[in-house]
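> sharing a sequence plus its predicted fold:
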Amino acid sequence: MHASKRSAVLSLVPLLCALFAFSQSDAVSIDHANQPSEQTIHLVREKQILAVPTFTPSEYFAEYPATPTPWDGSFSASQHLPQPDASLEESPATLGNMPAEDANSQESFARSQPTKPPDFNRDIFYRNKLEFSLEGGWHPINVPFPLDIFVGDAYNTYPLKYTLVPIFASLRWHIDGIEGPWILRGNWDMQFTGSITGVARGPENRYFAYLMGIRRNFVPRRGKIAPYFDVRLGVGRIDAKGPDGVLYAQGQDITFTINMGSGVRYNFNPRYAISAGMNFMHISNLDLSESNGKPNWGIRNYGINVYGPMVGLDIQLRRHRHAE
């Protein structure tokens with residue numbers, strides 16, 4: 001036991017000698033390296049010697065006591081965990097998102113981009129829309145019936161000329177919405193028409209008819225003008241003057257009619273629109289007043305074939321668009 005203590009003391013002797021020799025050297029001990037005195041700085045610069053900061057264990061344990069504070073059963077993250085530097089913290093608005101400046105710049109860039117204007121015409125031509133239409137025309141031009149070459153008749157006009165003044169009151173039902181590519185883009189509407197036609201030139205006086213047909217509206221992507229083409233077929237009654245001996249007049253009161261028109265429609269808004277175009281009108285009785293029996297059995301019906309300008313007013317019957 002005594003031998004071991006003696007050996008331990010003897011082993012400390014060289015260490016004590018080294019420490020004593022180091023204290024006699026030119027090295028200067030600086031108690032606080034971060035706060036040296038003016039005399040120490042002057043000595044270090046003059047002799048160009050090494051300044052070694054000293055470490056005092058008593059100072060460390062004075063600041064951080066060796067005896068821990070008793071735990072009272074609670075835990076505070078602010079007392080026991082190191083707090084992050086405030087400069088490194090990010091606000092919740094920027095976590096997982098782009099910086100505020102980038103967000104503002106992108107928002108302003110999006111605003112500067114030209115936005116695609118809405119399709120104005122989709123609020124006008126849509127499925128199940130109902131309209132009331134009132135049209136009037138002046139048809140002074142007499143032409144051959146276009147289908148004469150298919151029924152074996154001469155493709156010509158007759159000496160008796162007509163001028164008709166048709167007035168159409170129609171209910172239009174749009175059966176679909178806007179569809180189709182480029183110039184064919186548009187929709188269809190069904191037309192149910194009651195007409196009163198005055199005879200401004202010719203032996204007869206008036207003509208009443210009921211017609212049904214279909215119209216194709218060619219709707220552009222921009223603009224308020226939409227071209228159209230329509231066809232209507234019907235049956236009517238005229239005060240025929242052929243039985244009274246008038247040459248080239250109509251041979252029977254009951255007649256059939258064909259109307260074909262084309263023009264443009266201008267939409268002021270989803271409720272009101274006007275239209276203008278040309279319309280062809282044919283009136284005949286399909287030779288029902290004639291007979292192949294005895295000679296002069298019946299009276300020939302020459303028919304009426306005229307065309308001219310037509311204008312109209314369209315009014316939406318529902319103020320608001322109903323869900324399709």
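Yes, it's here.
> where does pLDDT dip in the stretch 201-324 of the chain?
291-298, 319-324 (pLDDT under 70).
> in the stretch 51-200 of the chain, which spans are strands?
Taking DSSP state E, counting those that start in this stretch, the strands of the stretch 51-200 of the chain run over residues 51-53, 130-137, 141-142, 163-174, 186-201.
> select, out of those strands, the one closest to residue 156.
Proximity to residue 156, assessed across the strands of the stretch 51-200 of the chain by C-beta to C-beta, is greatest for strand 141-142 (10.6 Å). C-betas here are computed from N, CA, C, even on glycine.
> show me what the closest one is packed up against.
Under the contact criterion of 3 or more C-beta pairs under 8 Å, 6 or more residues apart in numbering; DSSP states H and E, strand 141-142 touches strand 304-316.
> extract the C-alpha trace of the strand it packs on and format it as PDB.
Coordinates of each C-alpha in strand 304-316 appear next as PDB, following Å, rounded to 0.1, in the frame of the first residue of the first chain:
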ATOM      1  CA  ILE A 304     -96.000  31.400-106.900                       C
ATOM      2  CA  ASN A 305     -92.200  31.700-106.500                       C
ATOM      3  CA  VAL A 306     -90.900  34.900-105.100                       C
ATOM      4  CA  TYR A 307     -88.100  36.100-102.900                       C
ATOM      5  CA  GLY A 308     -87.000  39.300-101.200                       C
ATOM      6  CA  PRO A 309     -85.600  40.900 -98.000                       C
ATOM      7  CA  MET A 310     -86.800  39.900 -94.600                       C
ATOM      8  CA  VAL A 311     -86.200  41.600 -91.200                       C
ATOM      9  CA  GLY A 312     -87.100  40.400 -87.700                       C
ATOM     10  CA  LEU A 313     -87.000  40.900 -84.000                       C
ATOM     11  CA  ASP A 314     -86.200  38.100 -81.500                       C
ATOM     12  CA  ILE A 315     -87.200  38.300 -77.800                       C
ATOM     13  CA  GLN A 316     -86.200  35.800 -75.100                       C
END
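> buried residues in it, which are they?
Judged by neighbour count using 16 or more other C-beta atoms under 10 Å, the buried positions of strand 304-316 are 304-308, 310, 312, 314, 316.
> same check, this time on stretch 261-274
Residues 261, 263, 265, 267, 270, 273 are the ones in stretch 261-274 that count as buried (16+ other C-beta under 10 Å).
> skipping adjacent residues, who's closest to the third one in space?
Beyond its immediate neighbours in the sequence, the residue positioned closest to residue 265 (C-beta to C-beta, 6 or more residues apart in numbering) is residue 275, lying 4.3 Å away.
> thought that neighbour was touching residue 314?
Yes. Using C-beta atoms under 8 Å, residue 275 is in contact with residue 314, at 6.6 Å.
> the stretch 101-250 of the chain: helices as residue ranges?
148-151 (DSSP state H, counting those that start in this stretch).
> hang on, the earlier thing: export the buried residues of strand 304-316 as TSV, with columns for distance to residue 189.
As requested, the buried residues of strand 304-316 are exported to TSV (distance: C-beta to C-beta, whole Å):
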residue	distance to residue 189
304	27
305	26
306	25
307	22
308	23
310	16
312	13
314	10
316	12
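> and of the residues you listed, the nearest to residue 190?
Among the buried residues of strand 304-316, and counting by C-beta to C-beta, the member closest to residue 190 is residue 314, at 14.2 Å.
> between residue 275 and residue 314, what contacts are shared?
Common contacts of residue 275 and residue 314 (C-beta atoms under 8 Å, 6 or more residues apart in numbering): 133, 265.
> of the buried residues of strand 304-316, just say which sits nearest to residue 135.
Of those, the one sitting nearest to residue 135 (C-beta to C-beta) turns out to be residue 312, at 3.5 Å.
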